[in-house]
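> got a predicted structure plus its sequence, pasted below:
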Amino acid sequence: MIERLATLRYLRFLAAVVSLTPVTPMALAAQAELDTVVVHAVNAGEPLLKLMTEVASLAKGADPSPVVELNRAAAAAMRDGPGAGLMLIDGILERGELADYALAHSARAELCRRLGRTDEAIEFYQRALELTSQGPQRRFLERRLAESNSSLPSPSQGIRDTLA
């Protein structure tokens, strides 16, 4: 309980730094730390997703970049379901932002997969694969493409695999 309270206080502190500070090295460091905390919370199965979404929204106010919006979309998908996250990602891509960013297409593909929209998932996994040269990410995308072409994997996989 004490550790959980300390974590919540720490997250609120980071959110305050990100939201109140102009883009400075300290704000960028706080954003990076928030991203790390989100990854660990998701991997550990912590029920902090509502707070994570709020923190991502605060960060978006301080740094309205499309990558921060993509992080918010991932948090929304974890909290509200894949349809909510997909709607936010579609908005980013419709504006032409992150068109060449592999993680945006990978995230969209993952949410389509979770919604049973296999054809769309395959299309976006392929686009993400075209945009990346990193070995681990390419292997993940190739595995997802193979799974999508044969049958859908269990919903317990997904964003946690992407973030790992």
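Perfect, thanks for sending it. Residues are numbered from 1 along each chain as shown.

> need the CA coordinates for stretch 93-100. PDB is fine.
Presented in PDB, the C-alpha positions along stretch 93-100 are these (Å, rounded to 0.1, in the frame of the first residue of the first chain):
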ATOM      1  CA  LEU A  93      -3.100   9.200 -39.200                       C
ATOM      2  CA  GLU A  94      -5.900  11.100 -41.000                       C
ATOM      3  CA  ARG A  95      -4.100  14.400 -40.300                       C
ATOM      4  CA  GLY A  96      -1.100  12.900 -42.000                       C
ATOM      5  CA  GLU A  97       1.000  12.800 -38.800                       C
ATOM      6  CA  LEU A  98       3.100   9.800 -38.100                       C
ATOM      7  CA  ALA A  99       2.500   8.400 -41.600                       C
ATOM      8  CA  ASP A 100       6.100   7.200 -41.700                       C
END
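
> buried sites along that stretch?
Buried residues in stretch 93-100, counted by 16 or more other CB atoms under 10 Å: 93, 97-98. Just so you know, the C-beta spots here come from the backbone N, C-alpha and C atoms, and that holds for glycine as well.

> which residues sit against the helix or strand hosting residue 110?
Using DSSP states H and E, residue 110 falls within helix 102-114. The contact list for helix 102-114 (CB atoms under 8 Å, 6 or more residues apart in numbering) reads 66, 70, 73-74, 77, 82-83, 85-86, 89-90, 92-93, 98, 118, 120-125, 127-129, 131-132, 137, 140-141, 144, 148, 152-153, 155, 158-159, 162.
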